[in-house]
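Engineer: A predicted structure for the sequence below; I have some questions about it.
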Amino acid sequence: MLELVTFSTLNGVLYGMLLFMMASGLTLIFSMMGVLNFAHASFYMIGAYFGFEISRHIGFWPGFIIAPLLVGVVGALIERYGLRRVHRYGHVAELLFTFGLAFVIEELVSMIWGKAPVDYRPPPSLDFVAFSLFGTTYPAYRIFMLATAVAMFVFLILVLRRTRVGLIIQAALTHPDMVAMLGHNVPRVFMMVFGVGAGLAGLAGVIAGPALVTQPSMAALLGPILFVVIVVGGLGSLGGAFVASLLIGLIQTFAVAINVSLADVIGPTAAGIFGELGRAPLAQIAPVLPYLLLVLVLILRPTGLFGTRES
Amino acid sequence: MSALLDVQDLHAYYGKSHILHGVNFHINAGEIVSLLGRNGVGRSTTIKAIMGDVPPVGVVRFAGRDIAGMKPHQIARLGLGYVPENRDVFPSLTVRQNLLLGQKSARQAGRWSMQDMFRIFPRLEERADTPAGVMSGGEQQMLTICRTLMGDPDLVMIDEPTEGLAPMMVELVGNLLAEIASRGVAILLVEQKLTIALKISHRLYVMGHGRIVFEGSVADFNANASVRQEWLEV
C-alpha cells in the first residue's frame, strides 16, 4: 500500500506538472487575448517531434534546448502572422482558426513522420534506476522530468513577479487597452506570451515524448484534459491552473492504480443501482473522471476554483 | 505657432452608430482646455479616438505629426497621456507597481518622479504596497492621474476626474491639475460639471450631438448664458 501511494503520488505530481507546463501558457493566453487556443496541445506534440528529430542527428541534450526554442518561434510567428490578422474578425474566427490549426499540425506531423509512434528514447545518461522501494524501481528519467517541470515553474513565477515585463503581463491580463495607452507595446507582449507559452508546451513535449508515446494523436489525446485543467482552475488564473493540474494529475494516477469498484465500497446493492457501472473497477472509470469534474465544476462553481471571470 | 494637438473634422463610429460628426478643436502647449457637454454627446469618444482606442476618421495632429491610424502605444509614446473615466487601476497590483507601469521604460527620467507623486498625494506612499483595488474611489482617481504623469506626457487628457468624488477629493484633484499645468504640461479636461473647469481653464469647448457647439474663454462662456442653458444644464 505504501509503495502504491508513493509511486502514484510521484507519478501524479509528475503528470500534473506536465499538464501545468501546458495549462500555464494556455490560461495566460486566454486571459490576455480572450481566445481559447485549441492548437496549444499541438505545440506539445511538435515539441516532442522536434526533440526526436534533433536527438536523432545530434543527440538528446541539444534537442532538449533547441526544440522548445524552435516551437516558441513557431508559436510567435503563428500569433504575429495568423492570429493577429484573424483577430479583427472576432473571437469566433480566432477559435476556428486555432481549431483548424490543430488539424493542420496533426496532418503535417503524420505526413512527415508517419502515423506510427516514433522511437524517441530517454538519453543513455538518464537511462538508469533512480531508486527502488519494496522491489519496485523508479526510473531516473522521471525524476529528471519532474526537476525540469519544477525549474520551469520557478522560472515562470520569477519572471512574472520580479521583472518589469512580468508586471506588464500581469496588468495586461485584465486591462490590455489601458496598458497600451500607457505606452507599452501590448501586441508585442501578446506575441511574446504566445511564443513563450508555445515554447513551454514544446518543452513539455520534449521531456514527455521519450517517457510516453510520441505519435500524431498525442495532441488530440491531451488537448481535452488541458481544457478541463484551465476550466477547473478558473479561466485566466495561473494559481488555479497549478492546483487543478496537480489535482487532475493525482486523480488520474490514483484512479488507475486503485482497483476498487463501487460494488466493493457500498456492497452488492451497487449493481442494483448502477448496473454494470457498479461492478466496473475504478481504473476503468478513470478516463471519465476529469470530464466528470469539469461538468460538476461548471454546474457548481462556473468561475472555477480560483477564477474571478465569468465565461 | 502651430498647436500641440490639432483635431480637424474628426468622425468616429461605434459599430454602425455615428458618434462624432466632425469635431474641430486645438490645444496649445502648456494650455488648460476643458471639453464640456452632457453625457453621451461624444466627449469620451473624442479622446478615445485621439488615443486610437476607437478608430478615428479625420485629421488628428500631435506635435506636428499625423497620429490618426497609429496604435495607442505609439501615440502614448509621442507624449500623449490618457486618464480614463472609469479609473482603470490595475486592481491586483500594488500602488507602487501601478506607478511603475506608468513609466514607458525602466530607465526614464522625466518631469515626474515617484517621490513627486508621494509628495503631492502622501496617501500613495502610505499605501504604496497595498493592492490598488482596495483603495477608495478618490484615491484610485489620484493614482490613475499620477500613473499617467509617470510617463511624462506633454498633454494629459483626463476624463471626468471628479465624477462621484467627495468635495475634499475634488479639491485635491483640482490642486493636482494646477501642479501639472505649472510644469508646462497641457491638459484636456473632459467634464460634465463646471466646478474645476471654470476655475482653471484657459479656454473651453462645449460639445453637443457629436460636434463642437461653443468655443471661447471662461469670460466668453460666462457672458453667454444661452450656451449653458442649451447644452449643459439638465
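Structural biologist: Arrived safely. Numbers count the residues shown, from 1 in each chain, chains lettered A, B, ... in the order given.
Engineer: pLDDT at residue 175, what is it?
Structural biologist: No chain was given, so I picked chain A. As summarised for this prediction, residue A:175 has a pLDDT of 90.
Engineer: Chain B, not that one
Structural biologist: The per-residue pLDDT reported for residue B:175 equals 90.
Engineer: Dump the helix or strand encompassing it to PDB, keeping only the CA atoms.
Structural biologist: Counting by DSSP states H and E, the element that carries residue B:175 is helix B:167-182. Output in PDB follows, covering the C-alpha atoms of helix B:167-182 (Å, rounded to 0.1, in the frame of the first residue of the first chain):
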ATOM      1  CA  PRO B 167     -15.700  67.700  -2.100                       C
ATOM      2  CA  MET B 168     -12.400  67.300  -0.300                       C
ATOM      3  CA  MET B 169     -11.100  64.900  -3.000                       C
ATOM      4  CA  VAL B 170     -12.400  67.200  -5.800                       C
ATOM      5  CA  GLU B 171     -10.200  69.900  -4.300                       C
ATOM      6  CA  LEU B 172      -7.200  67.600  -4.200                       C
ATOM      7  CA  VAL B 173      -7.700  66.700  -7.900                       C
ATOM      8  CA  GLY B 174      -8.000  70.400  -8.700                       C
ATOM      9  CA  ASN B 175      -4.700  71.100  -6.900                       C
ATOM     10  CA  LEU B 176      -3.100  68.300  -8.800                       C
ATOM     11  CA  LEU B 177      -4.300  69.700 -12.100                       C
ATOM     12  CA  ALA B 178      -2.800  73.100 -11.200                       C
ATOM     13  CA  GLU B 179       0.500  71.500 -10.400                       C
ATOM     14  CA  ILE B 180       0.500  69.600 -13.700                       C
ATOM     15  CA  ALA B 181      -0.100  72.900 -15.500                       C
ATOM     16  CA  SER B 182       2.600  74.600 -13.500                       C
END
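Engineer: Quick one: name whatever helix or strand follows it.
Structural biologist: strand B:186-191.
Engineer: what about the closest residue to residue B:106 other than its chain neighbours, neighbour count?
Structural biologist: In space, not counting the residues next to it along the chain, residue B:106 is nearest to residue A:164; the distance is 5.4 Å by C-beta to C-beta, 6 or more residues apart in numbering or on different chains. Every residue, glycine included, has its C-beta placed from N, CA and C. The burial count assigned to residue A:164 is 14, neighbours taken as other C-beta atoms under 10 Å in any protein chain shown.
Engineer: State whether residue A:164 and residue B:97 are indeed in contact, as I suppose.
Structural biologist: No. Counting by C-beta atoms under 8 Å, no contact exists between residue A:164 and residue B:97, whose distance comes to 9.9 Å.
Engineer: Quick one: residues contacting the residue in chain B positioned nearest to chain A.
Structural biologist: Chain B approaches chain A most closely through residue B:76 (3.6 Å), counting by C-beta to the nearest C-beta. When contacts are counted by C-beta atoms under 8 Å, 6 or more residues apart in numbering or on different chains, residue B:76 is found next to A:180, A:181, A:182, A:183, B:51, B:82, B:104, B:151, B:153.
Engineer: hey, where'd the strands end up in the chain?
Structural biologist: With no chain named, the answer covers chain A. Applying DSSP state E to chain A gives strands spanning A:129-133, A:136-139.
Engineer: That was the other one, I meant chain B.
Structural biologist: Assignment of strands within chain B using DSSP E yields the ranges B:5-14, B:17-27, B:32-36, B:56-62, B:65-66, B:80-83, B:155-159, B:186-191, B:203-208, B:211-216.
Engineer: List the buried residues for the first one?
Structural biologist: Counting neighbours by 16 or more other C-beta atoms under 10 Å in any protein chain shown, one finds that the buried residues in strand B:5-14 are B:5, B:6, B:7, B:10, B:11, B:12.
Engineer: That strand to strand B:211-216, inter-axis angle?
Structural biologist: For strand B:5-14 against strand B:211-216, the angle by axes from the mean of the first three to the mean of the last three C-alpha atoms, to 10 degrees is 150 degrees.
Engineer: Please determine whether strand B:5-14 lies in contact with chain A.
Structural biologist: No. Counting by C-beta under 8 Å from any C-beta of the partner chain, no contacts exist between strand B:5-14 and chain A, the nearest distance being 14.7 Å.
Engineer: hey, C-alpha coordinates of that strand in PDB?
Structural biologist: Taking only C-alpha atoms (Å, rounded to 0.1, in the frame of the first residue of the first chain), the coordinates of strand B:5-14 have been written out as PDB:
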ATOM      1  CA  LEU B   5      -2.900  69.000 -30.600                       C
ATOM      2  CA  ASP B   6      -4.900  69.800 -33.700                       C
ATOM      3  CA  VAL B   7      -8.100  67.900 -34.400                       C
ATOM      4  CA  GLN B   8      -9.900  68.600 -37.700                       C
ATOM      5  CA  ASP B   9     -13.200  67.100 -38.900                       C
ATOM      6  CA  LEU B  10     -13.000  64.100 -36.600                       C
ATOM      7  CA  HIS B  11     -15.600  61.400 -37.100                       C
ATOM      8  CA  ALA B  12     -15.900  58.200 -35.100                       C
ATOM      9  CA  TYR B  13     -18.300  55.200 -35.100                       C
ATOM     10  CA  TYR B  14     -19.200  52.500 -32.600                       C
END
